[in-house]
Every structure is written in C-alpha cells, then in structure tokens.
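Trainee: Here's a sequence, model it:
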Amino acid sequence: MQENNNQTNNEVEELDINHLMQIRRDKLTELQQQGKDPYQITKFSRTNTAGEIKQNYEKFEQKDVTVAGRIIAKRIMGKASFCTIQDSNEKIQSYVSINDLGEESYKAFKTWDIGDIIGITRICI
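Mentor: Just a heads-up that it's a prediction; the model follows:
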C-alpha cells in the first residue's frame, strides 16, 4: 500500500514539474514572438550594485539608480507590486507601479517569473 502512495506522489510531482516547464516554454515562445528573445545577446548598464545602494543609502536618496539581477521574490498587488532582485553581491527590493511603467510595461512585468534576469531603473529609495 505504501508503495502505491509513493508512486502516486511521484506521478503527481512529475506532472507538476512538467506543467511548470510547459508554462515557462510558453512564456519563452511568447517573448520570442514579441522580438524579446532572452537568449539573444543583450546589454544592460547598471549604475550601482544593490550592496552599494544599501550601504550608502543617504548618498542615493531621491536619486535614480539602475540595478540588474535575478528576481528572487515577486508580489503582485493590482496596480503596484514589489520584487526582490539578487545581483552579484546583495539583494534589494523594488517597488513597481503601473503609474511609473505605463500599462504595457507593467503588464509585461507581471508575466516575469522567479529566476528571470532583469534590470530596473529608478528604484525609489
């Protein structure tokens, strides 16, 4: 009986993984169709690392900064959201708003996934 339960759990887990992989493949296909292929060579110029910004908060307060890194957490809340970005040395939270990005860019942001690599300019400090 225990063997059947383990087999069923493994099958469900495999289906979940396959489902997640299909979602990510579909997102990749959609990005490629929009001309935004993440596998093409792209360059994003950051001004500072997350660590620099956090260590020198007063220096960067009320200034625009640009960071780049991997999304490690994301919370969508209607017209405003938060995402945490991990760069080479630290992580930083960013506030993302439809008012700042515009409707089309905010809609695109909402499709990004944990693990995606992004760049964000104008972090509110």
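Trainee: which one is residue 79 nearest to, not counting chain neighbours?
Mentor: Of all residues beyond its chain neighbours, the one nearest residue 79 is residue 98 (4.3 Å), with distances taken as CB to CB, 6 or more residues apart in numbering. Backbone N, C-alpha and C define where each C-beta goes, glycine included.
Trainee: show me what contacts that neighbour?
Mentor: Shown here is residue 98, whose contacts under the criterion CB atoms under 8 Å, 6 or more residues apart in numbering are 79-80, 106.
Trainee: what's the answer for residue 31, then?
Mentor: With the criterion set at CB under 8 Å, 6+ apart, residue 31 makes contact with 37-38.
Trainee: element containing it, please.
Mentor: Taking DSSP states H and E as the definition, residue 31 sits inside helix 2-33.
Trainee: how about the helices in the chain?
Mentor: Ranges of helices in the chain, per DSSP state H, are 2-33, 50-55, 57-60, 98-101, 103-111.
Trainee: for these, which one sits closest to residue 40?
Mentor: helix 2-33 (9.1 Å; CB to CB).
Trainee: Now do that closest one, average pLDDT.
Mentor: pLDDT averaged over helix 2-33 equals 74, rounded to a whole number.
Trainee: And for stretch 72-92?
Mentor: Confidence over stretch 72-92 (mean pLDDT, whole number) is 92.
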